[in-house]
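**Q** Mind folding the following:
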Amino acid sequence: MVVAASVVVAVGTVTGMIRALDDGSDASSARPDATGATLLVPLPDVPSASNSPSTKASSSARPKKSATAGTARKPRRTATVSPRLYRHPESQVLDWVRDHPDDPRTEVIESRIADRPAAVWFADFTPSTITSRVRAVTSGAAAQGRVPVVVPYAIPDRDCGGASEGGASDFAAYDGWIDNFAAGLGSREVVVILEPDSIAQSDCLDDTQRAERFQALARAGRVLKAADPQARVYYDAGHSDWNPADRQAALLKQAGAASAGSSDGIFSNVSNFHTTSAEIAYDRQVLDTLGGPADLGAVIDTSRNGNGAPADGQWCDPVGRKIGRAPTLNTGEARIDGYLWVKLPGESDGCKGAAGTFTASYAYDLAR
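**A** Residues are numbered from 1 along each chain as shown. Sure, this is the predicted structure:
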């Protein structure tokens, strides 16, 4: 894994997310893991008394270089409607809060991180249980009338053999896994963050491998949206300090991100630190170049970007970072559909603790 401004660290060592793993327990429940995450509501770029969780380490954390009318589709929900995002009841930070009621850091960590909703990651390749585990999350959200954020993360050659390596053995297996994943979505609204780093970090593949990956991603988007017409599927745009906007848009187009049948737009800054304002400008440039339906939008991971990215490009638990805007689907910004906490603050990239594990001292530094 290269040092990029948007790195998903390792599966099992992934930071900033809540992950639903198949650990041999009841398949109808989703457990948090080093690759899980949650969502929340908006705050300024500077940290405030907001909370939000996230569970995965992303290859997106590495440093990198710094519209056409389409098929008619139903209008996207307007920014005036801001549904509450779903907080999955199991995560490493929630476990820590429950186990440390008398720790002097608990109140800050609970109020500013644990109480916030975050994305739920599915990073282990377990075809036989993936449907029930996804359904446990989406049905839990439906029972509360909230919108879950889920992260399928099992693309073959994931993270180019880096810290988050893993995924399906081949694309036939991946297609089957995605089919089973889609079967658990239900029929209500759900936000899908499709395969972080899979497009921005595709330069490690040869032309044939890249074409196979992009074909699988385009198919995945179609399958997810066909299974649940209310699903909102977003594709990997890396972040503002990775690929130039025109190059990223060209890659996204090859992966189906400009098609109404497979995509609702793009996501950026997963597990990274770039400011919300920089990501808004970048995402709009990517969308403008990408083309496709006019209502394609972007969602931004704001979980740890309260102080922006460190000047030296450090991505592994860099000091001086703060939590960012709380998650919301009501940003008030044109073409920006949401600010999400895809990575859970406090889950280490591998420097302040084992990758993907919750580190209270790190969480406290981010939240206070």
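**Q** Do you have the strands of the stretch 251-368 of the chain handy? List them.
**A** Using DSSP state E, counting those that start in this stretch, the strands of the stretch 251-368 of the chain run over residues 265-268, 297-301, 336-340.
**Q** confidence score at the residue lying farthest from the centre of the chain?
**A** Distance from the C-alpha centroid of the chain, by CA atoms, centre = their mean, peaks at Asp102 (31.9 Å). Listed pLDDT for Asp102 reads 98.
**Q** so what's it up against?
**A** For Asp102, the contact set (CB atoms under 8 Å, 6 or more residues apart in numbering) is empty. (C-beta placed from N, C-alpha, C; glycine too.)
**Q** Tell me which helix or strand it sits in.
**A** Assigned by DSSP states H and E, Asp102 belongs to no helix or strand.
**Q** returning to that earlier point: could I get the strands of the stretch 251-368 of the chain as a markdown table with mean neighbour count, mean pLDDT and distance to Arg112?
**A** Listed next are the strands of the stretch 251-368 of the chain as a markdown table, based on neighbours: other CB atoms under 10 Å; pLDDT from 0 to 100; distance: least, CB to CB, whole Å:
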| stretch | mean neighbour count | mean pLDDT | distance to Arg112 |
| --- | --- | --- | --- |
| strand 265-268 | 29 | 98 | 23 |
| strand 297-301 | 30 | 98 | 17 |
| strand 336-340 | 28 | 98 | 15 |
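**Q** out of these, nearest to Ile193?
**A** Closest of these to Ile193 is strand 265-268, at 5.3 Å (criterion: CB to CB).
**Q** and the closest one, how far out from the chain's middle?
**A** Relative to its parent chain, strand 265-268 has a centroid offset of 9 Å by CA atoms, centre = their mean, to the nearest Å.
**Q** Tell me the helices and strands packed up against it.
**A** Packing partners of strand 265-268 (3 or more CB pairs under 8 Å, 6 or more residues apart in numbering; DSSP states H and E): strand 231-236, helix 276-290, strand 297-301.
**Q** same thing but at 10 Å, please
**A** If you count contacts as 3 or more CB pairs under 10 Å, 6 or more residues apart in numbering; DSSP states H and E, strand 265-268 packs onto strand 190-194, strand 231-236, helix 245-254, helix 276-290, strand 297-301, strand 336-340.
**Q** Mean neighbour count, the ones you listed: which tops it?
**A** Burial of those is given as mean neighbour count (mean count of other CB atoms under 10 Å); strand 297-301 ranks first at a mean of 30.
**Q** Could I have the CA atoms of that strand written out in PDB?
**A** Once non-C-alpha atoms are left out, strand 297-301 reads as follows in PDB (Å, rounded to 0.1, in the frame of the first residue of the first chain):
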ATOM      1  CA  GLY A 297     -23.700  13.700  -6.400                       C
ATOM      2  CA  ALA A 298     -20.900  13.100  -4.000                       C
ATOM      3  CA  VAL A 299     -20.500  12.000  -0.400                       C
ATOM      4  CA  ILE A 300     -17.400  13.000   1.700                       C
ATOM      5  CA  ASP A 301     -15.800  11.200   4.700                       C
END
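**Q** Packing partners of that strand?
**A** Partner elements for strand 297-301 (3+ CB pairs under 10 Å, 6+ apart): strand 190-194, strand 231-236, strand 265-268, helix 276-290, strand 336-340.
**Q** Tell me which helix or strand comes right after the first one.
**A** Following strand 190-194 in sequence order, the next helix or strand is helix 207-227 (DSSP H and E).
**Q** What helices and strands are in contact with that following helix?
**A** Secondary-structure packing of helix 207-227 (3+ CB pairs under 10 Å, 6+ apart): strand 149-152, helix 171-183, strand 190-194, strand 231-236, helix 245-254.
**Q** That helix relative to strand 231-236, how many degrees between them?
**A** 160 degrees (axes from the mean of the first three to the mean of the last three CA atoms, to 10 degrees).
**Q** Just the C-alphas of helix 207-227, formatted as CSV.
**A** Below are the C-alpha coordinates for helix 207-227, written out as CSV (Å, rounded to 0.1, in the frame of the first residue of the first chain):
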residue,chain,number,x,y,z
ASP,A,207,-4.8,-3.2,-18.5
THR,A,208,-6.6,-6.6,-18.6
GLN,A,209,-6.9,-6.7,-14.8
ARG,A,210,-8.1,-3.1,-14.6
ALA,A,211,-10.8,-3.8,-17.3
GLU,A,212,-12.0,-6.9,-15.3
ARG,A,213,-12.2,-4.9,-12.1
PHE,A,214,-14.1,-2.0,-13.7
GLN,A,215,-16.5,-4.4,-15.4
ALA,A,216,-17.1,-6.1,-12.0
LEU,A,217,-17.7,-2.7,-10.3
ALA,A,218,-20.2,-1.6,-13.0
ARG,A,219,-22.0,-4.9,-12.6
ALA,A,220,-22.0,-4.5,-8.8
GLY,A,221,-23.7,-1.1,-9.0
ARG,A,222,-26.4,-2.5,-11.4
VAL,A,223,-27.0,-5.5,-9.1
LEU,A,224,-27.2,-3.4,-5.9
LYS,A,225,-29.6,-0.8,-7.4
ALA,A,226,-31.8,-3.5,-9.1
ALA,A,227,-32.1,-5.4,-5.8
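**Q** tell me the mean pLDDT over that helix?
**A** Predicted confidence along helix 207-227 averages 98 (mean pLDDT).
**Q** And stretch 155-166, by the same measure?
**A** 87.
**Q** Could I get the buried residue list for that stretch?
**A** For stretch 155-166, burial by neighbour count (16 or more other CB atoms under 10 Å) applies to Ile155, Pro156, Asp157, Arg158, Asp159, Cys160, Gly162, Ala163, Ser164, Gly166.
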